[in-house]
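Trainee: coordinates only, sequence not included:
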């Protein structure tokens, strides 16, 4: 029976030795043990602090997935479940990550080590505030918008002059888009500093709102040196900005938690760099593990990739990412799943079929900017595609019906992005 104050982790392992022994080596390395017994490792310490193996499921033989000091032709694969005492970790996220995803990846006896699932104690979850705004809080900043929120990224993502940037933001805000965001590469360059971007974007968004009646959120990228994090946040808030963005894997969970402690606006959590610890099925951790820690640290929005994406995850993996973001996690509110990468009018249908929710934000770069009739038509076509998806109407039929009323936005989008839609 699991100790309710333990952190239960399930790993995929490959080892040349017996998987149970390999799991014990890993558990010892990540808790009270070493590769050899030491005089101070008493029975009391082992009882209170040793990680314990609760299950080993052998999966058979396979070629080793990762290099090591030896090069066997075959190794033994297994799923192992390890319980880490919460007493070792406390409620600190950095310590948790060190315990469950630290030196274990370096062990020479392991030819694969992948953290697939985590079950956190109630006390650990309760110790963290989670998102401050989440889905509903974000909607309130965007004119209480209903359904899927539509956003985009400033393109070109780097290199724009101040005046060029102004025109891009103006066009998008006048299109009544829900969110505009900086690219993850755009932080505080000398040619267009954060201070000027904030001033220009907030000015254009306020002016557009007077015309459209729609509040557009802008996610300003405040990734950078930790010492200046609050200063950059305050710069955004004092100018009337309603969202800040952080590249979470680059800055780390403690930086996200620090930002959450003083943030007055939603935190848009980007995952740039996450694939380095997630892409290989033999190493790192699954998205469902990472997102729990990012949620507890306080991200209000979390990127989940997108169906039909230009990135590596399969559609079923992306759908699983989205679903796990919407799952309960203690008393914390759910973050807003953010879909990105290659999104256009062809992806709402498959996405809604896969997840059955409109509590989402879809970021479409080219899907907005490359619409032949301009960004306003790009935004409108995406909303129309989502309406068709929710109503169970085929994309082509919806486009044809709208075109008969004189609205060609969706039809032209299908012709541009459709590929048989």
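Mentor: The structure has been received and is ready for your questions. Being a predicted model, the structure only gives us computed values, none of them experimental.
Trainee: so what touches stretch 307-322?
Mentor: Residues lying outside stretch 307-322 but in contact with it, judged by C-beta atoms under 8 Å, 6 or more residues apart in numbering, are 275, 279, 287-288, 291, 304-306, 337, 339-343, 346-347, 350-351, 354-355, 357, 360. Placement of C-beta: from N, CA and C, glycine included.
Trainee: residue 84: what secondary structure?
Mentor: strand (DSSP: H, G, I helix; E, B strand; the rest coil).
Trainee: count of residues packed around it?
Mentor: 23 (other C-beta atoms under 10 Å).
Trainee: identify the bridge partners of it.
Mentor: Applying DSSP bridges to residue 84 gives these bridge partners: residue 7.
Trainee: ok, it touching residue 29?
Mentor: No: counting by C-beta atoms under 8 Å, residue 29 is not a contact partner of residue 84; they are 11.7 Å apart.
Trainee: for the nearest residue to residue 343 once chain neighbours are set aside, the count of nearby residues, please.
Mentor: Residue nearest to residue 343 in three dimensions, not counting chain neighbours: residue 364, with 4.3 Å by C-beta to C-beta, 6 or more residues apart in numbering. Counted by other C-beta under 10 Å, the residues lying close to residue 364 total 30.
Trainee: hang on, residue 364 packs against residue 152?
Mentor: Yes: between residue 364 and residue 152 there is a contact at 5.8 Å, judged by C-beta under 8 Å.
Trainee: quick check: neighbours shared by those two?
Mentor: Counting by C-beta under 8 Å, 6+ apart, the residues touching both residue 364 and residue 152 are residue 378.
Trainee: residue 76: what secondary structure?
Mentor: From three-state DSSP, the assignment for residue 76 is strand.
Trainee: which strand residues bridge it?
Mentor: residue 15, residue 61.
Trainee: any of the contacts of stretch 307-322 buried? List them.
Mentor: Listed as buried from the contacts of stretch 307-322 are 275, 287-288, 291, 304-306, 337, 339-343, 346-347, 351, 354-355, 357, 360; burial here means 16 or more other C-beta atoms under 10 Å.
Trainee: so for the lengthiest helix in the chain, what's the average pLDDT?
Mentor: Once the chain is assigned using DSSP state H, the helix that runs over the most residues is helix 194-212. Here helix 194-212 scores 98 as its mean pLDDT.
Trainee: just give me the neighbour total for the residue nearest to residue 243 when sequence neighbours are not counted.
Mentor: The shortest distance from residue 243 to any non-neighbouring residue, by C-beta to C-beta, 6+ apart, is to residue 219 (4.3 Å). Neighbour count of residue 219, defined by other C-beta under 10 Å: 27.
Trainee: got a list of what residue 219 touches?
Mentor: 179, 180, 181, 182, 243, 244, 245, 268, 301.
Trainee: what sits against residue 361?
Mentor: Residue 361 neighbours (C-beta under 8 Å, 6+ apart): 138, 148, 149, 150, 151, 178, 179, 301, 336, 337, 338, 339.
Trainee: switch the cut-off to 6 Å
Mentor: 149, 151, 336, 338 (C-beta atoms under 6 Å, 6 or more residues apart in numbering).
Trainee: ok, residue 226 next?
Mentor: residue 255.
Trainee: mind redoing it with 10 Å?
Mentor: 251, 252, 254, 255, 258, 259 (C-beta atoms under 10 Å, 6 or more residues apart in numbering).
Trainee: out of those, grab the one that's most surrounded.
Mentor: Result: residue 259 is most packed of the contacts of residue 226 (other C-beta under 10 Å), 24 neighbours.
Trainee: what helices or strands is the helix or strand containing it leaning on?
Mentor: Element membership for residue 259, per DSSP states H and E: helix 253-262. Counting contacts by 3 or more C-beta pairs under 10 Å, 6 or more residues apart in numbering; DSSP states H and E, helix 253-262 packs against helix 93-100, helix 229-238, strand 244-247, helix 248-251, strand 267-270, helix 287-297.
Trainee: run the last query once more with 7 Å
Mentor: Applying 3 or more C-beta pairs under 7 Å, 6 or more residues apart in numbering; DSSP states H and E, one finds that helix 253-262 contacts helix 93-100, helix 229-238, strand 244-247, helix 287-297.
Trainee: okay, these in TSV with distance to residue 223 and mean pLDDT next?
Mentor: What follows is those, written out as TSV (distance: least, C-beta to C-beta, whole Å; pLDDT from 0 to 100):
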stretch	distance to residue 223	mean pLDDT
helix 93-100	18	95
helix 229-238	9	98
strand 244-247	4	98
helix 287-297	15	98
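Trainee: go through these and pick out the most buried.
Mentor: strand 244-247 (a mean of 26; mean count of other C-beta atoms under 10 Å).
Trainee: any idea of the mean pLDDT for the helix holding residue 259?
Mentor: 98.
Trainee: so that it lines up with my notes, have the first residue be 32 from now on.
Mentor: Let's use 32 as the start, then, which means that last one is helix 284-293.
Trainee: picking that back up, chain center to the longest helix of the chain, what's the gap?
Mentor: 27 Å (C-alpha atoms, centre = their mean, to the nearest Å).
Trainee: my guess is residue 305 meets residue 278, correct?
Mentor: No: here residue 305 does not reach residue 278: they are 9.6 Å apart, not a contact under C-beta atoms under 7 Å.
Trainee: next, the buried residues of the longest helix of the chain.
Mentor: 225, 228, 229, 230, 231, 232, 233, 235, 236, 239, 240.
Trainee: kindly report the same for stretch 147-155.
Mentor: 149, 151, 152, 155.
Trainee: which residues touch it?
Mentor: 35-43, 117, 122, 131, 317, 319-320, 323, 361 (C-beta atoms under 7 Å, 6 or more residues apart in numbering).
Trainee: what's the answer for stretch 398-416, then?
Mentor: Here stretch 398-416 has contacts from 181, 183, 186, 202-203, 205-208, 374-376, 379, 393, 395, 426, 429, 433, 440-441, 443-444, 447-448, using C-beta under 7 Å, 6+ apart.
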